[in-house]
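Engineer: what's the 3D shape of this:
(one chain, ligands or ions: 1)
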Amino acid sequence: MSQLEPKQLEERTAAALLDTYARTPFHPRSGKGARLVDAAGKAYWDLLAGIAVNALGHRHPRLVKALRQEAGNLLHVSNLFYHPAPTLLAERLVAASGLARAFFTNSGAEANETAIKLARLARPGRSGLVALEHGFHGRTMGALSLTHHEPYRAPFAPLLPGVTFVAPNDAAALEDAVSDETSAIFLEPILGEAGIVPLTPEFLAAARRLADATGAALVFDEIQCGLGRTGSLFAFQRVNVLPDLLTLAKPLGGGLPLGVVLVNDRIAAAIKPGQHGTTFGGNPIACRLGLEALDEIERLLPRVRELGAFFGKRLAALRRRVPAIRDVRGCGLIWGIELDREAAPIARELLSRGFVVGTARKNVIRLLPPYVVPKSALAAFAAALENILNSITDPGGSGGPRIAPPGEQKP
Ligand code: PLP
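Structural biologist: Alright, predicted model coming up:
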């Protein structure tokens with residue numbers, strides 16, 4: 001592949017690709033573990049992991065070896081035929097989750113799209129959907145209908161009708177919204193794009209009770225928070241509430257595009273051949289990498305818990321010391337640091353100091369590090385953030401505009 005100078009690449013990207021992403025001028029070219037190296041040879045701690053995809057970090061030897069091996073056999077085979085990789089991966093996911101069957105997709109949105117269809121099949125004639133304010137489920141038309149952020153939705157109206165949004169952790173509002181007309185309740189056990197907002201065990205249990213009472217399907221979207229990120233394989237295992245459908249993606253294919261919807265027996269019984277499908281779903285290489293990734297993720301779970309406990313304490317101490325930090329939320333290796341100002345300028349400053357981080361909403365620094373991240377990188381990040389926030393004296397300057405706390409905001 002021809003090498004392009006960063007500036008030239010930025011210009012050609014702007015001319016060749018649709019203007020859908022507000023890209024950061026950052027040019028990663030290689031990586032190892034939790035390290036990324038840019039085109040100029042500068043090394044960074046990757047605390048975003050491709051938005052939760054690279055759970056095992058970069059260039060994991062097991063993934064590289066399996067990729068080489070499988071590529072020597074087949075790059076693709078139709079899912080109208082048989083290949084052991086999707087079957088073995090489905091067996092593992094089903095056994096680990098307590099659900100019954102799997103359907104592989106190419107992305108998270110496609111997994112949610114499939115879940116909407118399956119819920120309708122299981123309750124013909126009911127089409128109502130209930131989702132959460134600030135929740136995110138993807139950008140395809142069905143998944144977008146469940147995604148709350150108005151600027152994402154408005155240009156594409158009309159979306160699916162009959163979607164009701166309720167505030168996270170408001171069990172009374174959920175009870176008002178769910179009825180006999182509800183086909184499915186869609187929840188992220190930890191809301192990601194909302195700025196890392198964990199749902200309470202009480203709220204998740206209420207959702208389970210309401211689904212049981214009305215016959216609606218309970219869908220957990222663990223595309224961002226699942227597969228080890230919380231320190232348990234599935235986020236729902238921390239609260240012991242089993243959904244009827246579970247959607248996963250991001251780290252599932254070890255870096256290759258792969259999503260899945262896992263369903264219980266009742267939902268599985270509703271579908272017949274020909275009612276749903278996707279050409280690339282269950283690609284043998286992606287599923288083989290998924291098997292390797294799953295082994296490693298399971299092995300790393302105690303490490304994620306230990307790092308989460310360490311980092312949580314470090315961030316809580318930071319919050320007590322640094323007035324610009326309003327809140328710290330998360331567990332394991334999924335964390336949101338809510339600031340009293342815009343997060344993007346802080347993220348840019350962190351990048352210049354060698355830390356790749358994400359943002360969510362306007363004022364949240366979002367961290368989704370790989371499970372192999374060293375403790376020292378998390379400690380170094382906390383020190384750099386403290387230094388940056390303490391050095392900002394001008395709220396309208398390099399730190400970006402200050403965002404008023406909810407109590408001070410005009411309605
Ligand atoms: N659901 C959640 C919770 C997500 O975080 C995302 C992506 O960020 C999606 C769905 C959509 O996944 P994809 O981008 O693979 O379509």
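
Engineer: residue ranges with poor pLDDT in the chain?
Structural biologist: Along the chain, segments meeting pLDDT under 70 span 393-401, 405-411.

Engineer: so residue 350 touches residue 357, yeah?
Structural biologist: Yes: Residue 350 is within contact range of residue 357, at 5.3 Å (criterion: CB atoms under 8 Å). The C-beta positions use only the backbone N, C-alpha and C, and glycine is treated the same way.

Engineer: Can you name the residues of the stretch 201-350 of the chain that neighbour the ligand?
Structural biologist: 221, 223-224, 249 (CB under 6 Å from any ligand atom).

Engineer: From these, pick the one nearest residue 85.
Structural biologist: Distances from residue 85 to those, taken as CB to CB, are shortest for residue 249 (16.9 Å).

Engineer: Tell me which residues touch the residue nearest to residue 160 when sequence neighbours are not counted, please.
Structural biologist: Distance criterion CB to CB, 6 or more residues apart in numbering; nearest residue to residue 160, sequence neighbours excluded, is residue 145 at 3.7 Å. Neighbouring residues of residue 145 by CB atoms under 8 Å, 6 or more residues apart in numbering: 129, 153, 159-160, 163.

Engineer: For the ligand, see how far away residue 145 is.
Structural biologist: 13 Å (CB to the nearest ligand atom, to the nearest Å).

Engineer: Surely residue 9 forms part of a helix?
Structural biologist: Yes: assessed with DSSP: H, G, I helix; E, B strand; the rest coil, residue 9 lies in a helix.

Engineer: Chain neighbours aside, what residue packs nearest to it?
Structural biologist: residue 27 (7.0 Å).

Engineer: Can you give me the neighbour number for that neighbour?
Structural biologist: When neighbours are defined as other CB atoms under 10 Å, residue 27 has 15 of them.

Engineer: In the stretch 51-200 of the chain, what residue lies closest to the ligand?
Structural biologist: residue 108 (2.3 Å; CB to the nearest ligand atom).

Engineer: How much space separates that residue from residue 53?
Structural biologist: Separation of residue 108 from residue 53 (CB to CB, to the nearest Å): 10 Å.

Engineer: Same question for residue 210.
Structural biologist: For residue 210, the distance to residue 53 - CB to CB - is 33 Å.

Engineer: so residue 259 sits right up against residue 113, yeah?
Structural biologist: No: counting by CB under 8 Å, residue 259 does not reach residue 113; the two are 9.8 Å apart.

Engineer: overlap in contacts of these two?
Structural biologist: Contacts common to residue 259 and residue 113, judged by CB under 8 Å, 6+ apart, are residue 105.

Engineer: quick one: strands adjacent to the helix or strand hosting residue 31?
Structural biologist: Using DSSP states H and E, residue 31 sits within strand 28-32. As defined by DSSP bridges, the strand partners of strand 28-32 come to strand 35-38 (antiparallel).
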